[in-house]
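Engineer: Build me a structure from this.
(4 chains)
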2 protein chains.
Amino acid sequence: MAEDREVTIYDIAKYLNISAATVSRGLKNNPMISKQTRKKITDAATMLGYQSNTFASSLRSRQTLTLGVLVPRLNSHFMSSVLAGMENAANLHGYNLIIAQSLEDVDKEKRNVLTMYNKRVDGLLISLSANAVDIQHLEPFFKKQIPVVFFDRVHPHADSTSVGIDNYEAAYKITTHLISQGCKRIMHLGGNLLRNVYTDRFKGYKKALKDHRLLFVESLHLVSNLSEQAGTEAARYILDLPAAERPDAVFSANDTAAVYCMLALKAAGLRIPEDIAFAGFNNDPISKVIEPNLTTMNYSGEAIGNTAATYLINHLKGSTDLYATNAITLRADLVIRASSLKKDAAG
Amino acid sequence: MAEDREVTIYDIAKYLNISAATVSRGLKNNPMISKQTRKKITDAATMLGYQSNTFASSLRSRQTLTLGVLVPRLNSHFMSSVLAGMENAANLHGYNLIIAQSLEDVDKEKRNVLTMYNKRVDGLLISLSANAVDIQHLEPFFKKQIPVVFFDRVHPHADSTSVGIDNYEAAYKITTHLISQGCKRIMHLGGNLLRNVYTDRFKGYKKALKDHRLLFVESLHLVSNLSEQAGTEAARYILDLPAAERPDAVFSANDTAAVYCMLALKAAGLRIPEDIAFAGFNNDPISKVIEPNLTTMNYSGEAIGNTAATYLINHLKGSTDLYATNAITLRADLVIRASSLKKDAAG
DNA sequence: TAAAAAAATGCAATCGGTTACGTTTACTTG
DNA sequence: CAAGTAAACGTAACCGATTGCATTTTTTTA
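Structural biologist: Below you'll find the predicted structure:
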């Protein structure tokens, strides 16, 4: 209890009758130190129970081997996959992750950004909160040339890179698929239009309609937070529509809303995909469980997280230049399942 | 680019012609400093764009306001809820979270524990990896009196607290429920028996059997990692059993295995719950989507995370004594859904 | 109003490593 | 074998904030 003092490199130095500088170098495998003394040092270190003090080191060397991760919410399947991917990459290269969530609140996001800055993270990985209008709050990072990588919910910026998928293209593909199944009145359940992921999906959807000479109908475009409840409410909305105005397909910007919408419509007696086809986005676990299985867009959160983190770390290590790359687009695949197969179902 | 130097308290001090000590105190709202100078200091700080350097502070003050979080896997619904709860609690009290995953590998867990120690986290929140036999690797923490809180997958230890649910009781309730529905041959899909959560569930299951004069049958107890694949394989196992030896109910230690087992059995033509009833554990989102909906044990990951973190922080702030409390048990509720309602289904 | 008490501020050591630069020791080479 | 080079190690000044103790300033009290 009393002897709370830490074992430091000075203790090792004294023990071996050498200088602390040598100990420091020896512990970091500096080639300047001879093999024998290096061995003596590491031996003495384990013997005395030495554990390096990271921030004493960070203070002097100006690097923390820590990355800041800022996400809207921690508890979604997609985000936890992203984190898993980041953690793998970080761990592999000796980095640690400080993780915080903004809960879709810009103010919290701002505070968290500052905390990350004060903790002097070597780089920042961020997915913007729903209502962040600009990235003014990231200025401290840009000013100090601390690399920032956006992922998923990105924001164009000259000095940073974005990692994600081509949401426009993906939505275009999905919508086209629905059209190819004979759907003519395709509804879109979209998210907050401040965020690229949702505007892009919306645009891809509209473009597909246009390219196939289908009219975009304002009343078939709902914006929500895409929660379970939002899905259920969308179903209510659909059921309340006059029969002639009802959609014959729904493309939801995420699987959660799609699934809960399906559940409610099924409960109301609609048949899927015969009466109304469905497509989601994310390939969430629930999409493989709902009946009929949900057609969706599959893309690996883990890959996004891994890529973003690896990229950031490579930049920090000097092997890649972050500022040269503006965006990294990962592949996303249309996974066709029963929920959208009108023709097969009919046949 | 050139002027990379940070703005420090010395810059503020020089600017105001006062000492750095006063600046330091002023910034921390030390009552020793007069109101006016305090204001001058904070004004100058924002004016000069000062941002405190956390680890210079940590080095001297010996506290990092950082908690280490070590989990088996980041990407599960339960775990991400736990993290969300922890982040809320931490953020509320000005703490940050360093998060790492062991991927069920003790060696990785050991390395991570050491990293956390080297980063001098103020406390550790840990859920053990599946194959950790002891907690020897936590010794550095115990030796230095750095508080450790176990959650979910806990391990008894005199100087630390565990936060979780009563798995024994919960499993007992679930099993009893199945029995009350008339099930007589109840299979158990269990997890690694090194971990309390799984042994306790197994024991609760056995006790319920015993209390209702049902025999525990070794062939109806499968141990696996409870993955999707494990669930599917369990179904195969069941289908390969002679008709007379088939279970009339399955109690799975998690929802994932339960759901994938159900899917496979349904595909093979079995009716649920008529031919075989099902109960899971976790109240995962998929349990509300599978048909029939899965009976399961609901307990809040968010509450577990929040409680564990709050408890740890209170201890750090001196308002509670961690060493006095040995375990905190949160409530878990049996959620009865169609997958286990034989009587109703039959009626 | 002088002395005592309280409040506000300054001094300087300290936390535990890192690193530029200087010094010693070992090894080459003409 | 002397001189020159390379390898190995030491000295000491940092990094930026905190804090025990001393000192100055202000307020209170006698």
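Engineer: State the number of residues packed around A:Ala327.
Structural biologist: Neighbourhood size, A:Ala327 [other CB atoms under 10 Å in any protein chain shown]: 13. In short, each C-beta sits where N, CA and C put it, glycine included.
Engineer: what's near enough to touch it?
Structural biologist: If you count contacts by CB atoms under 8 Å, 6 or more residues apart in numbering or on different chains, A:Ala327 has them with A:Val154, A:Thr161, A:Ser162, A:Val163, A:Gly164.
Engineer: Return the closest of these with respect to DNA strand D.
Structural biologist: Comparing these against DNA strand D with CB to the nearest atom of the strand places A:Thr161 closest, at 27.0 Å.
Engineer: Show the contacting residues for that closest one.
Structural biologist: Contacts for A:Thr161 were tallied using CB under 8 Å, 6+ apart; they are A:Val149, A:Phe150, A:Tyr311, A:Leu322, A:Thr325, A:Asn326, A:Ala327, A:Ile328.
Engineer: Can you tell me which of those residues end up in strands?
Structural biologist: The strands, defined by DSSP state E, take in A:Val149, A:Phe150, A:Ala327, A:Ile328 from the contacts of A:Thr161.
Engineer: Buried by neighbour count, from those: which ones?
Structural biologist: Among the ones in strands among the contacts of A:Thr161, those buried by neighbour count (16 or more other CB atoms under 10 Å in any protein chain shown) are A:Val149, A:Phe150, A:Ile328.
Engineer: will you turn those residues into TSV that also has distance to DNA strand D and pLDDT?
Structural biologist: Output for these, formatted as TSV (distance: CB to the nearest atom of the strand, whole Å; pLDDT from 0 to 100):
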residue	distance to DNA strand D	pLDDT
A:Val149	25	97
A:Phe150	28	97
A:Ile328	33	95
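Engineer: Among those residues, find me the one that's closest to chain B.
Structural biologist: Closest approach between those and chain B, by CB to the nearest CB: A:Val149, at 17.8 Å.
Engineer: Correct me if wrong: the closest one contacts A:His157.
Structural biologist: No. Applying CB atoms under 8 Å as the test, A:Val149 and A:His157 come out as separate, 10.3 Å apart.
Engineer: A:Leu16 contacts A:Thr42, correct?
Structural biologist: No. The criterion here is CB under 8 Å, and A:Leu16 misses it with A:Thr42 at 11.0 Å.
Engineer: Generate TSV for the ones in strands among the contacts of A:Thr161, with distance to DNA strand C as supplementary columns.
Structural biologist: Output for those, formatted as TSV (distance: CB to the nearest atom of the strand, whole Å):
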residue	distance to DNA strand C
A:Val149	24
A:Phe150	30
A:Ala327	33
A:Ile328	30
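Engineer: Same list (the residues you listed) but as TSV, adding distance to B:Asn225.
Structural biologist: Formatted as TSV, the ones in strands among the contacts of A:Thr161 follow (distance: CB to CB, whole Å):
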residue	distance to B:Asn225
A:Val149	33
A:Phe150	35
A:Ala327	37
A:Ile328	33
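Engineer: if we can go back for a sec, so which of the contacts of A:Ala327 is surrounded by the most neighbours?
Structural biologist: Counting neighbours by other CB under 10 Å, the top entry in the contacts of A:Ala327 is A:Val163, with 27 neighbours.
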